[in-house]
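J.: sequence and predicted structure, then a few things I'm wondering about:
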Number of protein chains: 2
Amino acid sequence: MSMVDRGLLLILSGPAGVGKGTVCKALRERMPELVYSVSATTRSPRPGEVEGVNYFFKTKEEFQKMIEQDALLEWAEYVGNFYGTPRQFVEDMLNEGRDVILEIEVQGALQVKQRFPQGTFLFLAPPDLNELENRIVGRGTETQDVIRKRMEVARAEIELMDHYDYVVVNDVIEAACDRIQAIITAEHLKKDRQVHKYRKWLKEVE
Amino acid sequence: MSMVDRGLLLILSGPAGVGKGTVCKALRERMPELVYSVSATTRSPRPGEVEGVNYFFKTKEEFQKMIEQDALLEWAEYVGNFYGTPRQFVEDMLNEGRDVILEIEVQGALQVKQRFPQGTFLFLAPPDLNELENRIVGRGTETQDVIRKRMEVARAEIELMDHYDYVVVNDVIEAACDRIQAIITAEHLKKDRQVHKYRKWLKEVE
């Protein structure tokens, strides 16, 4: 670690359709210094995809070994291929003092929480509860059964909010980015991240 | 409480001479919605001072009663007069959903911490440890005894940092204000302050 402060791992998550990707893209433009976590996958590279930039491409055997060695902060299978977040890349960037952002759905975020509880967990929330309610109730053509199932999904998602540190409403993309930037600034100013500098200095002058 | 979220109590503190008053003044200009805590005092009003604006003016008997009833978040005696922070004013403002800031020296902040641990405690720190060191060592004319005493004071102040939530370096006033604003934004986005809205909504649509 030497002279630099360790970076923050930010986990940006939230229900499907809330706009995680769009917010991440806007954030990347205004904060080019932020590192985006690179996933590992067993699927084949598509034309133009670069190893270590778009993905770390792995065989199924290599991926299986990473799972066994607890080398992934989270992983999931999707239509026959494995996807996951290699811990090493994240740790390397954090040790260089860089902040890393991981955009991920809620189940993956819960896995990361177990393996990296010191991360900063941001729940991106829908802007308007009334609109969400209208969406759930539908246009009056839905059966009671469909409405009940959608309510269960909404309820489960909101219960998961409890595992997060912050709730960021995605009303206007730039406003959501402002909030995330404020959170990043504040997290860096937390006492536990600052006090060691002063302690170190006191030790030196002792 | 009804519809509004409860406000934040921000405690801005730090060693003598670090610039608490200057930062507070700059913050007041850019955030006019922030409420400044009004102190109670037993000293006489000076010309132009207004009850409830500059101070709550109290007799010594009234002040003593406030101490006994635990109606002060902190108090101290200074050259024969008592000064303190009435809890009621702060609670009233917080219940109206307004953020309240309390500028206070470190001993007072520790008292507030005991009586209002849910406050957000900001330690305003000197900008440059090397400069602080130079100041402590002095211009080479100080005795070892003076240097040792100054070091003890600095050490004690830095140990107190541990009781705070955030450390804000006061290098440039506007930069310190930016940091404090980011902290205020982030604190409002903390999950515990947000989740109840979603829970309430789920209950309504149940």
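T.: That came in fine, so what should we check first?
J.: show me where chain A has helices.
T.: A:20-30, A:60-68, A:87-95, A:106-115, A:129-137, A:144-160, A:173-188, A:191-205 (DSSP state H).
J.: can I get the ones you listed in TSV with mean pLDDT, distance to B:E174 and mean neighbour count?
T.: The way it works is simple: take the backbone N, C-alpha and C, and place the C-beta from them, glycine included. Compiled in TSV, these are given as follows (pLDDT from 0 to 100; distance: least, CB to CB, whole Å; neighbours: other CB atoms under 10 Å in any protein chain shown):
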stretch	mean pLDDT	distance to B:E174	mean neighbour count
helix A:20-30	94	20	16
helix A:60-68	97	47	14
helix A:87-95	96	30	17
helix A:106-115	95	36	17
helix A:129-137	70	37	15
helix A:144-160	81	39	14
helix A:173-188	97	14	19
helix A:191-205	81	20	14
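J.: take the ones you listed and write them to JSON lines, including distance to chain B.
T.: Listed next are these as JSON lines, based on distance: least, CB to the nearest CB, whole Å:
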{"stretch": "helix A:20-30", "distance to chain B": "14"}
{"stretch": "helix A:60-68", "distance to chain B": "30"}
{"stretch": "helix A:87-95", "distance to chain B": "20"}
{"stretch": "helix A:106-115", "distance to chain B": "13"}
{"stretch": "helix A:129-137", "distance to chain B": "5"}
{"stretch": "helix A:144-160", "distance to chain B": "5"}
{"stretch": "helix A:173-188", "distance to chain B": "4"}
{"stretch": "helix A:191-205", "distance to chain B": "4"}
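J.: possible to save these as JSON lines with distance to A:S37?
T.: Converted to JSON lines, the helices of chain A look like this (distance: least, CB to CB, whole Å):
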{"stretch": "helix A:20-30", "distance to A:S37": "11"}
{"stretch": "helix A:60-68", "distance to A:S37": "15"}
{"stretch": "helix A:87-95", "distance to A:S37": "6"}
{"stretch": "helix A:106-115", "distance to A:S37": "10"}
{"stretch": "helix A:129-137", "distance to A:S37": "28"}
{"stretch": "helix A:144-160", "distance to A:S37": "20"}
{"stretch": "helix A:173-188", "distance to A:S37": "15"}
{"stretch": "helix A:191-205", "distance to A:S37": "20"}
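J.: quick one: closest of those helices to B:V50.
T.: B:V50 lies closest, by CB to CB, to one member of the helices of chain A: helix A:173-188, at 34.9 Å.
J.: so how far is that closest one from its chain's centroid?
T.: Helix A:173-188 has its average C-alpha position 14 Å from the chain's average C-alpha position, going by CA atoms, centre = their mean, to the nearest Å.
J.: I'd like to know which elements that helix is packed against.
T.: Helices and strands touching helix A:173-188, by 3 or more CB pairs under 8 Å, 6 or more residues apart in numbering or on different chains; DSSP states H and E, are strand A:9-13, helix A:20-30, strand A:120-125, strand A:166-169, helix B:173-188.
J.: please name whichever of the helices of chain A is nearest to B:R28.
T.: Nearest to B:R28, of the helices of chain A and by CB to CB, is helix A:173-188 at 19.5 Å.
J.: the closest one versus strand B:120-125: what angle between them?
T.: On the basis of axes from the mean of the first three to the mean of the last three CA atoms, to 10 degrees, helix A:173-188 is oriented at 70 degrees to strand B:120-125.
J.: can you list contacts of helix A:173-188?
T.: Contacting residues not belonging to helix A:173-188 are listed as A:5, A:8, A:10, A:12, A:19, A:22-23, A:26-27, A:30-31, A:99, A:120, A:122, A:124, A:166, A:168-170, A:193, B:166, B:178-179, B:181-183, B:185-187, B:189 [CB atoms under 8 Å, 6 or more residues apart in numbering or on different chains].
J.: could you dump that helix to CSV, C-alpha only?
T.: What follows is helix A:173-188, C-alpha atoms only, in CSV (Å, rounded to 0.1, in the frame of the first residue of the first chain):
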residue,chain,number,x,y,z
ILE,A,173,-29.6,10.7,-14.8
GLU,A,174,-27.3,13.7,-14.1
ALA,A,175,-28.9,14.1,-10.7
ALA,A,176,-28.3,10.5,-9.9
CYS,A,177,-24.7,10.9,-10.9
ASP,A,178,-24.4,14.0,-8.7
ARG,A,179,-25.6,11.9,-5.8
ILE,A,180,-23.2,9.1,-6.5
GLN,A,181,-20.3,11.5,-6.8
ALA,A,182,-21.3,13.0,-3.4
ILE,A,183,-21.3,9.5,-1.9
ILE,A,184,-17.9,8.8,-3.3
THR,A,185,-16.5,12.1,-1.9
ALA,A,186,-18.1,11.4,1.5
GLU,A,187,-16.9,7.8,1.7
HIS,A,188,-13.3,9.0,1.2
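J.: now do that helix and helix A:20-30, the angle between them.
T.: For helix A:173-188 against helix A:20-30, the angle by the same axes, to 10 degrees is 70 degrees.
J.: could you tell me the angle between helix A:173-188 and strand A:9-13?
T.: 150 degrees.
J.: ok so, going back, quick one: closest of the helices and strands packed on helix A:173-188 to A:G52.
T.: That would be helix A:20-30 among the helices and strands packed on helix A:173-188, by CB to CB, at 17.4 Å.
J.: check which helices and strands that closest one sits against.
T.: strand A:9-13, strand A:100-103, helix A:173-188.
J.: need the ones you listed in JSON lines with distance to B:T143, can you?
T.: Shown next, in JSON lines, are these (distance: least, CB to CB, whole Å):
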{"stretch": "strand A:9-13", "distance to B:T143": "49"}
{"stretch": "strand A:100-103", "distance to B:T143": "50"}
{"stretch": "helix A:173-188", "distance to B:T143": "40"}
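J.: residue contacts, the nearest residue to A:P15 once chain neighbours are set aside?
T.: Closest residue to A:P15 apart from its sequence neighbours, by CB to CB, 6 or more residues apart in numbering or on different chains: A:E157 at 4.5 Å. Taking CB under 8 Å, 6+ apart, we find A:E157 in contact with A:14-15, A:106.
J.: and the gap between A:G119 and A:G97?
T.: 16 Å (CB to CB, to the nearest Å).
J.: isn't A:A71 right next to A:R87, touching?
T.: Yes - counting by CB atoms under 8 Å, A:R87 is a contact partner of A:A71 at 5.5 Å.
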